[in-house]
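Participant: Give me coordinates for this.
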Amino acid sequence: MGDLVTIERQGRVAIVRFDTGTRANALSQALIRELTDAARQFHDAPDVSAVVLTGRADQFTLGADLKDPERAASADAGLSERRILLRAGPRLCQAWEDVDALTICAIEGWCVGGGMALAAACDLRVASREAMLYVPEVERGMNMSWGSIPRFVALVGPARTKRLAALCEKVPAQTAYDWGLCDHLTEPGGALRHALEVAERASGLPPTALKMVKQDVNVAAHALARATAHRDLEAFLLTQESEDFREGVAAFLEGRKPDYSGN
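Facilitator: Below is the predicted model:
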């Protein structure tokens, strides 16, 4: 597939793994492109009933790579170019939501920011009991984008979405399971194995009927998603111009508490 993403087939089940070679397993622009391309391989794949998505054995991902040179270079681009560059994240999540087969995300360790957006774009989530789910965007002075807010609301409702994405609560796997943000819990190290068990059950069902029901559910659950997420990108562009955004990122990189002004 590429340097960062591998695809393995086991009968009617596909396994997509991403690994940057670092413990953070952060979502660089290059990784986002590879994961998007991987998802698109399964948009029209009649011989695939389930796709399992997983990160490293010790970590799903710590989210967007704030030190990515490609991302840093885009900061100096003009507004028109930045609007295009920022479509990569939403395009990634939409590509995974549009996979025809059942998608199952296997989570070990931390699942942060863009990783949560990606996990929410999948149909099911299997998490290790030691996993931690976290959406820190507001703490960095930016909105949560990538079309994730309506997906979170569909999964856990408005109040819990506000706790997750507005108050930036760190959500342990057990709480995520109780909320419905995760569908299965496993012992540490067992997320991928259990995800494959779910995928194997899917592969034994009539594939066309399975995919039709998945599509029906998604249409019902996300009927207003585009209407409520259409301004994600513009809002993100706006927050990038704020003093709070610069302070939030600087504080994170410097390992200190931010001092926000509201500007």
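
Participant: Can you name the element that comes right after the helix or strand of the chain with the lowest mean pLDDT?
Facilitator: Sorting the helices and strands of the chain by mean pLDDT, DSSP states H and E puts helix 69-74 at the bottom, at a mean of 73. Next along the chain after helix 69-74, taking DSSP states H and E as the criterion, comes helix 79-85.

Participant: Output the contacting helices and strands for that following helix.
Facilitator: helix 69-74, helix 232-240 (3 or more Cβ pairs under 8 Å, 6 or more residues apart in numbering; DSSP states H and E). The C-beta positions use only the backbone N, C-alpha and C, and glycine is treated the same way.

Participant: Next, the angle from the helix or strand following that helix to helix 232-240.
Facilitator: Next in sequence after helix 79-85, counting helices and strands by DSSP H and E, comes helix 88-97. Helix 88-97 runs at 150 degrees relative to helix 232-240, counting by axes from the mean of the first three to the mean of the last three Cα atoms, to 10 degrees.

Participant: What's the first helix or strand after helix 88-97?
Facilitator: From helix 88-97, the next helix or strand downstream (DSSP H and E) is strand 102-107.

Participant: could you dump that following strand to CSV, C-alpha only?
Facilitator: Presented in CSV, the C-alpha positions along strand 102-107 are these (Å, rounded to 0.1, in the frame of the first residue of the first chain):
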residue,chain,number,x,y,z
LEU,A,102,-18.7,-3.2,7.5
THR,A,103,-15.8,-1.3,9.1
ILE,A,104,-14.4,-2.1,12.5
CYS,A,105,-11.9,0.0,14.3
ALA,A,106,-9.5,-1.7,16.8
ILE,A,107,-8.1,0.6,19.4
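
Participant: What is it packed up against?
Facilitator: When contacts are defined as 3+ Cβ pairs under 8 Å, 6+ apart, strand 102-107 sits against strand 50-54, helix 114-120, strand 124-128, helix 191-203, helix 207-221.
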